[in-house]
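J.: okay, sequence plus prediction incoming.
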Amino acid sequence: MSVASGPAADEGSRARGVAVRHVVPPLLAALALLAGCLPETAPRRDTCRAVVPALVAAPPRIVVLSVEDGRLGRSTVDVVYRTADGHTATITCAFADPDAAGLKSGLVGVRTAEGTLSPARLYVLDRFWLADPAARAEGLARLVDADAKR
């Protein structure tokens, strides 16, 4: 195996170094952003979406219109939904570190049009709805995404 040396080898190394320096920082920034956001955001969105059927009585089908990061900050998620009778509403879920909150889901608050859930109601929601795979699956079966409905 021969190793090139001299001015031509130096030029090629420098050109590759310049190209790598221009590509690596944006790539690292994108990966850091994904690593920091995706693991945190997706479960929070799924949890907030799963809260809707627990709070909406009776209608067999609930159409989820949107699930987005909340207007109240990075630690909130808004779910906009419509019931079978055409009523449209929004719930906002607030989250903290699950260990700090003492709740399995990390959910620390839910606001509806009627107001904020009490700590006791939030505990029951977390313990007997969100943490119970059968109850959660039954509720999620009632949800239809607006995109899937079309």
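T.: Yep, that arrived.

J.: buried ones in stretch 122-140?
T.: Buried residues in stretch 122-140, defined by neighbour count with 16 or more other CB atoms under 10 Å: 122, 125-126, 129-130, 136, 139. For every residue, glycine as well, the C-beta is placed using N, CA and C.

J.: repeat for stretch 49-63
T.: For stretch 49-63, using 16+ other CB under 10 Å, the buried residues are 49-56, 62-63.

J.: quick one: which of these sit in strands?
T.: When these are checked against strands (DSSP state E), the matches are 62-63.

J.: widest-spaced pair of the buried residues of stretch 49-63?
T.: Across the buried residues of stretch 49-63, no pair lies farther apart than A54 and V63, at 16.5 Å, counting by CB to CB.

J.: neighbouring contacts of stretch 133-150?
T.: 49-50, 52-54, 59-66, 81-82, 128-130 (CB atoms under 8 Å, 6 or more residues apart in numbering).

J.: could you do stretch 71-89 as well?
T.: Against stretch 71-89 from outside (CB under 8 Å, 6+ apart): 44-45, 47-49, 51-52, 56, 59-70, 90-96, 112-113, 143, 146.

J.: worst-scoring helix or strand of this structure, pLDDT-wise?
T.: Scoring the helices and strands of the chain by mean pLDDT, DSSP states H and E places helix 98-101 at the bottom, with a mean of 52.
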